[in-house]
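Trainee: curious how this folds, go ahead:
(one chain, ligands or ions: 2)
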Amino acid sequence: MPNSVPTTTSSATPVDDPGAPRFLASDNTSGICPEAMEYLVQANQVDDLAYGNDRWTAKASDRFRELFETDCEVFFVFNGTAANSLALASTCQSYHSVICHQLAHIETDECGGPEFFSNGSKLLTVAGDNGRVTPERIATTVTRRGDIHYPRPRAVSLTQATEVGTVYALDELHAIHDVADQHGLRIHMDGARFANACAGLDASPADLTWRAGVDVLCFSGTKNGLGFGEAVIFFDRELAEDFGYRCKQAGQLASKMRFLSAPWLGLLESGAWLSNAQHANAMARRLAAGVEALDGVRLMFPVQANSVFLELAPATQQALRDSHWTFYTFIGEGGARFVCSWNTTPALIDSLIEDLRQALRS
Ligand SMILES: Cc1ncc(COP(=O)(O)O)c(C=O)c1O
Ligand SMILES: C[C@H](O)[C@H](N)C(=O)O
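Mentor: Ligands and ions are numbered 1, 2, ... in the order given. Okay, here's the model as predicted:
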C-alpha cells in the first residue's frame, strides 16, 4: 500500500462522551471500514477509464465470480432501492406482478421505485411469520386467480436477511425454489444484509443464491462497510441482457465506477465482507442476551443476523432518546429496531443495556 495512503478509519460512537448521539438506528449510519477505504484511496492514485471500463471494476467482478463460484454477471449501482427496482424490472414485464412479504423493503421503503422502474409491475404482498414468505403463500397467491384481469405473478422477491432480522434457512429457500419453478416464477433476492445471512447461517454465497434457484441478487455493500455501492449479481445471465441500459437510463451508471467497485474489491480480497457481518451479528446477539433478563423488554423476533427488535413502553423509548440513543420504530411490526454494524463496539452495546436497565427502573 503506498505510504501516502492515510489510514483513516471510522469509529463507532464514543461511549465516554455522554452527549454524543449513539448510532444504532441502522447499519446505514456506520462509516467506511478500513479495508474499503484503503482500496478507495488506492483507486484514487491514478486515473482510469470511465463507466465501468476500469481495471478495478473488472477485478471486482471477477472476485464476485470467484466468491459465488459461477460465471455470474455483475453490475454496480449507487444504492439498494435502485438495485432492487432495476433488478425486479429485469425479471418481469409491466403487466406482471411480483410476490413479496408485506414487510418487504420494496413494498414499505422504496417509495414505489420497483413499480416505477418496471413501468407498473404490481407488488402482491403476503403475510408470513418472522418476516418470511412461505411456499404455501406463494402458491396461493399464484393460483387464486388466472383471469386476464389479474397481473400474472412472474417473480418472487425474498429479503435475506429479512427486514426483521431473521434469515431464510437453506431448506426454506429450496422449498420456495420448488414452488417458484412449478409456477414459472423468477427469484429476486434483496441482499441488503446478505453477508449477515451468510454469517448467520454459516453458509456459502453460492448455496444461498444460485444453488437455491435465485436468479438475481442485490448485494449491499453500504451495510457491509462501504460508503455506497450495491452489486447487482445475475445468475441467470439472460436476465442481465440490456441491464446496463436500464442503469444508464435510471441515472445509475457511475462514470467513475472504480470508486464503487474498488472498495468492494477491498471487502472481497480481505474477507472483510464476511468478518464485518460476523462482528455485526455477534454484537446483535450480545444485545439480545443482555436484555433477555430485563423486565419490561420483549424480544420481538429471533436474532439471526444484525438487527434486534425490542418491544418497549413509550416512556422507556423516550428515556433512551433522552440518553441520545437513535433507533427506528417504523420498521417491521413496530417496536424499537437496533441494528449493529461492522464497527459497533461491545462497549456501545453494554452501554445500551445499562441505559435500558436504568430506564426500566425509573
Ligand atoms: C431490506 C433493505 N433493502 C434495501 C435497502 C436499500 O435501501 P437504500 O435505497 O436506502 O440503499 C435497505 C436499506 O437499508 C434495506 O433495509
Ligand atoms: C429503513 C431504511 O430504509 C433503511 N432500509 C434501513 O434499514 O435503515
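Trainee: what sits up against stretch 20-34?
Mentor: 7, 9-15, 40, 193, 222-227, 263, 267, 272, 276, 280, 306, 323-328, 337-344, 348, 351-352 (Cβ atoms under 8 Å, 6 or more residues apart in numbering). C-beta here means a position set from N, CA and C on the backbone, and glycine is covered the same way.
Trainee: may I see the buried residues of it?
Mentor: Across stretch 20-34, burial judged by 16 or more other Cβ atoms under 10 Å covers 22-27, 30-34.
Trainee: repeat for stretch 51-59
Mentor: 52, 54, 56-59.
Trainee: need the residues that contact that stretch.
Mentor: Residues contacting stretch 51-59 (Cβ under 8 Å, 6+ apart): 39, 43, 48, 76, 244, 253-255, 257-258, 260-262, 265.
Trainee: now, those that are in strands?
Mentor: The members of the contacts of stretch 51-59 that map onto strands under DSSP state E are Phe76.
Trainee: what sits against Leu208?
Mentor: Counted by Cβ under 8 Å, 6+ apart, Leu208 has contacts 160, 170, 173, 194, 197-198, 201, 214.
Trainee: and it, how close does it get to ligand 2?
Mentor: 20 Å (Cβ to the nearest ligand atom, to the nearest Å).
Trainee: pull up the per-residue confidence for that residue.
Mentor: Looking at Leu208, its pLDDT reads 98.
Trainee: try Pro21
Mentor: Here the pLDDT value assigned to Pro21 is 87.
Trainee: wait, Ala319 sits on Ala359?
Mentor: Yes: between Ala319 and Ala359 there is a contact at 3.7 Å, judged by Cβ atoms under 8 Å.
Trainee: so between these two, which is more surrounded?
Mentor: Per other Cβ atoms under 10 Å, whichever of Ala319 and Ala359 has more neighbours is Ala359, with 22 against 19.
Trainee: the chain: helices as residue ranges?
Mentor: 34-43, 55-68, 80-91, 105-108, 113-117, 135-143, 170-182, 194-201, 243-249, 258-270, 272-292, 314-322, 346-361 (DSSP state H).
Trainee: hang on, the earlier thing: any shared contact partners between Ala319 and Ala359?
Mentor: Counting by Cβ under 8 Å, 6+ apart, no residue touches both Ala319 and Ala359.
Trainee: and the worst-scoring helix or strand of the chain on mean pLDDT, which strands flank it?
Mentor: Lowest mean confidence among the helices and strands of the chain (mean pLDDT, DSSP states H and E): strand 22-23, at a mean of 90. Neighbouring strands of strand 22-23 in its sheet, by DSSP bridges, are strand 325-326 (parallel).
Trainee: next one: stretch 278-293 to chain centre, how far?
Mentor: 19 Å (Cα atoms, centre = their mean, to the nearest Å).
Trainee: neighbours around Val41, how many?
Mentor: 19.
Trainee: how near is it to Ala262?
Mentor: Using Cβ to Cβ, to the nearest Å, one gets 9 Å for the distance from Val41 to Ala262.
Trainee: what mean pLDDT does stretch 253-264 get?
Mentor: Per-residue pLDDT values over stretch 253-264 give a mean of 98.
Trainee: so Tyr39 touches Leu268, yeah?
Mentor: No: the pair Tyr39 / Leu268 is not scored as a contact, 9.6 Å apart, by Cβ under 8 Å.
Trainee: the more surrounded of these two?
Mentor: With neighbours defined as other Cβ under 10 Å, Tyr39 and Leu268 compare such that Tyr39 has more, 28 against 22.
Trainee: which non-adjacent residue is nearest the more buried one?
Mentor: With sequence-adjacent residues excluded and distances taken as Cβ to Cβ, 6 or more residues apart in numbering, Tyr39 is closest to Gly266, at 3.3 Å.
Trainee: I'd guessed the one you found sits against Ala43; true?
Mentor: No: with contact defined as Cβ under 8 Å, Gly266 does not reach Ala43; the gap is 9.3 Å.
Trainee: ok, those two, which is more surrounded?
Mentor: Each of Gly266 and Ala43 has its neighbours counted (other Cβ under 10 Å); Gly266 has more, 28 against 23.
Trainee: okay, now the residue of the stretch 201-350 of the chain found nearest ligand 2: neighbour count?
Mentor: For the stretch 201-350 of the chain and ligand 2, the shortest gap (Cβ to the nearest ligand atom) falls at Ile331, measuring 5.5 Å. Using other Cβ under 10 Å, Ile331 has 22 neighbouring residues.
Trainee: neighbours of the closest residue to it other than its chain neighbours, how many?
Mentor: Once flanking residues are discounted, Ile331 sits nearest to Arg337: 4.9 Å by Cβ to Cβ, 6+ apart. A count of nearby residues for Arg337, using other Cβ under 10 Å, gives 23.
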